[in-house]
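K.L.:
Dropping the sequence and predicted coords here.
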Amino acid sequence: MTATLSGTELAAGIRAEVAAAAADLTAAGTPPHLAVVVATADESSAWYVRSIARAAQRTGIACSVVDLGETATPERIGAELAALSSDPAVHGVILQTPLPAGAVFEDLAASIDPAKDVDGANPLTLGRLAAGLPAFAPATAEAVLVLLDSHGIPLSGAHAVVVGRSTVVGKPAAHLLLQRDATVTVCHSRTKDLAAVTRTADVLVAAVGRPELVTAEHVAEDAVVIDVGTNPTPDGGLVGDVDAGSVTGRAAGLTPVPGGVGPVTTALLLRHTVTSARC
Ligand SMILES: NC(=O)C1=CN([C@@H]2O[C@H](COP(=O)(O)OP(=O)(O)OC[C@H]3O[C@@H](n4cnc5c(N)ncnc54)[C@H](OP(=O)(O)O)[C@@H]3O)[C@@H](O)[C@H]2O)C=CC1
Ligand SMILES: Nc1nc(=O)c2c([nH]1)NC[C@@H]1CN(c3ccc(C(=O)N[C@@H](CCC(=O)O)C(=O)O)cc3)C=[N+]21
């Protein structure tokens, strides 16, 4: 039997807790405020920004979207991130991807004040996570851990295999798992015989961006599989990096797409924003 490790109830619980904190902050004269910087016309990015804005509004967090347009220069984007970082009324600053050609995400994110870096994008944050120091982890990487914890999956001594090594998901997720005493292996596009490596995982995290790449042959019996992928389908739907049909029946648990990591990610972004506003 494969348990569905849902994220929707977990996300609703986090949003309720965030809404209470936001109400207290607003009553105390510090209404929490999240700013989202956009420099793309990408449709799935626009969908994600709308979903953040909607979730913020529902929890009593102000959300401003600063759309610089897809022709914005790196200088302009960096200056906007720096200006929002020094605005005392703004508590969280996030930079959306994709970016205009020539702009490097990690480079620009260095302009976000780490105290307001609610999606853990500043490269300093990755260093702090690697060093085991407190920081806002990228919301998606943290969502992986929060989901595992909420379903009572033990991590100490477990073999966790992360497929994907991006700055936003794979690397920070690996550091967070290591911090929790898992034995961590990180795979990527040059990994030889991916399935042989992933079959040794007690906990398998797929953050690849390739629809349904992970199939039953990649998964040990009774492994727990976290599917981070959110790949748009031609009919306007969403499919994960895991072939759920193939893995179901073999894995002990699997997060669904939609309804798994995604909603928890958005809820944690909001939690980070109220945490920042409290300081
Ligand atoms: N639910 C959520 O909140 C979020 C979901 N996502 C989703 O997660 C997925 C990953 O995102 P992100 O990390 O930003 O993506 P990136 O494209 O930045 O990174 C993908 C990683 O997967 C590796 N990879 C690609 N192909 C293969 C392969 N065939 N075998 C093994 N490894 C491979 C790449 O290796 P290499 O480094 O060698 O190129 C790279 O490290 C996407 O589907 C994205 O939409 C992302 C952020 C948030
Ligand atoms: N620096 C950075 N940080 C990110 O967190 C980041 C990013 N870049 N680039 C783009 C991806 C995409 N992403 C999603 C988050 C939530 C859902 C989500 O909540 N999805 C719903 C699906 C809704 C539907 O059905 O369409 C769900 O999974 O249930 C989806 C996608 C964050 N991203």
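P.N.:
Nice, I can see it. The structure displayed is predicted, hence computed values, not measured ones. Numbering: from 1, shown residues only. Ligands and ions are numbered 1, 2, ... in the order given.
K.L.:
ranges for the helices of the stretch 51-200 of the chain?
P.N.:
All helices of the stretch 51-200 of the chain, identified by DSSP state H, counting those that start in this stretch, fall at 74-85, 105-109, 123-130, 139-150, 170-179, 194-198.
K.L.:
Which among those is found nearest to ligand 1?
P.N.:
Across the helices of the stretch 51-200 of the chain, ligand 1 has its closest neighbour in helix 139-150 (3.8 Å, Cβ to the nearest ligand atom). Bear in mind the C-beta positions are built from the backbone N, C-alpha and C, glycine included.
K.L.:
Tell me which residues are up against the closest one.
P.N.:
Outside helix 139-150, the residues that touch it by Cβ atoms under 8 Å, 6 or more residues apart in numbering are 5, 7, 10, 14, 118-120, 155, 168-169, 172-173, 175-177, 180, 203, 205, 207, 224, 226, 228, 255, 260-261, 264-266, 268-269, 272.
K.L.:
And ligand 2, is that helix touching that?
P.N.:
Yes: against ligand 2, helix 139-150 shows contacts by Cβ under 6 Å from any ligand atom at A139, T140.
K.L.:
between that helix and helix 170-179, how many degrees?
P.N.:
With axes from the mean of the first three to the mean of the last three Cα atoms, to 10 degrees defining the directions, helix 139-150 sits at 30 degrees from helix 170-179.
K.L.:
now helix 139-150: mean pLDDT?
P.N.:
Per-residue pLDDT over helix 139-150 has a mean of 98.
K.L.:
need the helices of the stretch 51-200 of the chain in CSV with mean neighbour count, can you?
P.N.:
As requested, the helices of the stretch 51-200 of the chain are exported to CSV (neighbours: other Cβ atoms under 10 Å):
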stretch, mean neighbour count
helix 74-85, 18
helix 105-109, 18
helix 123-130, 18
helix 139-150, 24
helix 170-179, 23
helix 194-198, 17
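K.L.:
Throw those helices into CSV and include distance to ligand 1, thanks.
P.N.:
Output for these, formatted as CSV (distance: least, Cβ to the nearest ligand atom, whole Å):
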stretch, distance to ligand 1
helix 74-85, 18
helix 105-109, 9
helix 123-130, 13
helix 139-150, 4
helix 170-179, 5
helix 194-198, 5
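K.L.:
where in the protein is pLDDT low?
P.N.:
Applying pLDDT under 70 to the chain flags no residue at all.
K.L.:
Would you mind listing what in it touches ligand 2?
P.N.:
48, 51, 97, 119, 121, 139-140, 168, 230, 238, 257-259, 262-263, 265-266.
K.L.:
and with 8 Å instead?
P.N.:
By Cβ under 8 Å from any ligand atom, the residues of the chain that approach ligand 2 are 7-8, 44-45, 47-48, 51, 94-97, 105, 119, 121, 138-140, 168-169, 230, 237-238, 256-263, 265-266, 269.
K.L.:
Any of the residues you listed buried? List them.
P.N.:
7, 48, 94-96, 105, 119, 121, 138-140, 168-169, 230, 238, 256-257, 259-263, 265-266, 269 (16 or more other Cβ atoms under 10 Å).
K.L.:
Show me where the stretch 151-279 of the chain has its strands.
P.N.:
Ranges of strands in the stretch 151-279 of the chain, per DSSP state E, counting those that start in this stretch, are 159-163, 183-187, 203-206, 224-227, 231-232, 238-239, 253-254.
K.L.:
Would you mind giving those as CSV with distance to V18 added?
P.N.:
Shown next, in CSV, are the strands of the stretch 151-279 of the chain (distance: least, Cβ to Cβ, whole Å):
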stretch, distance to V18
strand 159-163, 27
strand 183-187, 29
strand 203-206, 25
strand 224-227, 22
strand 231-232, 27
strand 238-239, 24
strand 253-254, 26
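K.L.:
hmm, back to that, and the helices of the stretch 51-200 of the chain: which comes nearest R58?
P.N.:
R58 lies closest to helix 139-150 among the helices of the stretch 51-200 of the chain, at 16.8 Å (Cβ to Cβ).
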